[in-house]
Each structure stands twice: as C-alpha cells, then as structure tokens.
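A.B. asks: Give me the fold of what follows.
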Amino acid sequence: MLIGRVIGNIVSTIKHSDHSKHKLMLVQPLTPEGRPYKKPIIAIDVVDAGPGEVVFFVDEGNAARQLLGLEPGCVRAVIVGFVDEVQLVDEKGRQTSWTPNRIHLTERSSG
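C.D. replies: Next comes the predicted model:
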C-alpha cells in the first residue's frame, strides 16, 4: 500500500465497464514524509475520498482486481482508506509525525 493526496476528480462520459460504477480520482503519490514524488495516477475510489485528502491506495493490478472482485479486469489502482496520521522513526530513533489536513467524516456526510 502507498499513501497519496487526492488532487482532483476525473470526469468521463464514457468509461470501461470495469470503471463504470466507480468514481475516478487523480492521486499524487507521497513520500512517508508527505512530499510528492512520481507522477499522479488515476485510481478508483471506493471510500468516497475528496480532493485534498490523504489516502491509502494500492497500485498493483492484481490486488486492485481482487479488491473489486474483477477477474479478469481492467484496473490498476484503488483508493482503500484514509490516512489520519503518519508516525516515523529515523535511524537515530527520533520520532516525528505529521497529520494531513482533511475534513472530518461527520462534516462530509452532512452536506
């Protein structure tokens, strides 16, 4: 699993049938420290993520297909959860952490 920040929605009037029942999001992969790396990817969203939220995602076709119950299937990446906090320990044993800015679920569900 990887972490990334949702940076946008993907809108498509015509989708492959494996994608037709799902929302597609643009995800910027992040380092454990929260810095962007690599190019953004398109991921199927099964947790109702929104732009700005930091999420867990799988970026491996076989795992993505198994999560969605598609065999065979045309899927590579799936958002599977939200990141509340990242805690790191460096080689000298120093601990650091960062908490992504995100909207609380209770606030999201009311609108």
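A.B. asks: Show me where the chain has its strands.
C.D. replies: Using DSSP state E, the strands assigned to the chain run over residues 2-10, 23-29, 41-45, 54-59, 77-82, 86-89, 95-98.
A.B. asks: Quick check: beta-bridge partners of Lys23?
C.D. replies: Asp45 (DSSP bridges).
A.B. asks: From the structure, what's the count of residues near it?
C.D. replies: For Lys23, the neighbour count with other CB atoms under 10 Å is 17. No exception for glycine: its C-beta is placed from N, CA and C like everyone else's.
A.B. asks: got it, and Pro51?
C.D. replies: Neighbour tally, Pro51, other CB under 10 Å: 11.
A.B. asks: Run through the residues that contact it.
C.D. replies: 6-9, 25 (CB atoms under 8 Å, 6 or more residues apart in numbering).
A.B. asks: mind running it again at 10 Å?
C.D. replies: 5-9, 25-26 (CB atoms under 10 Å, 6 or more residues apart in numbering).
A.B. asks: if we can go back for a sec, can you redo the strands of the chain as JSON lines, where the extra columns are mean pLDDT and distance to Arg35?
C.D. replies: Formatted as JSON lines, the strands of the chain follow (pLDDT from 0 to 100; distance: least, CB to CB, whole Å):
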{"stretch": "strand 2-10", "mean pLDDT": "92", "distance to Arg35": "10"}
{"stretch": "strand 23-29", "mean pLDDT": "92", "distance to Arg35": "10"}
{"stretch": "strand 41-45", "mean pLDDT": "89", "distance to Arg35": "16"}
{"stretch": "strand 54-59", "mean pLDDT": "89", "distance to Arg35": "12"}
{"stretch": "strand 77-82", "mean pLDDT": "89", "distance to Arg35": "19"}
{"stretch": "strand 86-89", "mean pLDDT": "89", "distance to Arg35": "12"}
{"stretch": "strand 95-98", "mean pLDDT": "87", "distance to Arg35": "10"}
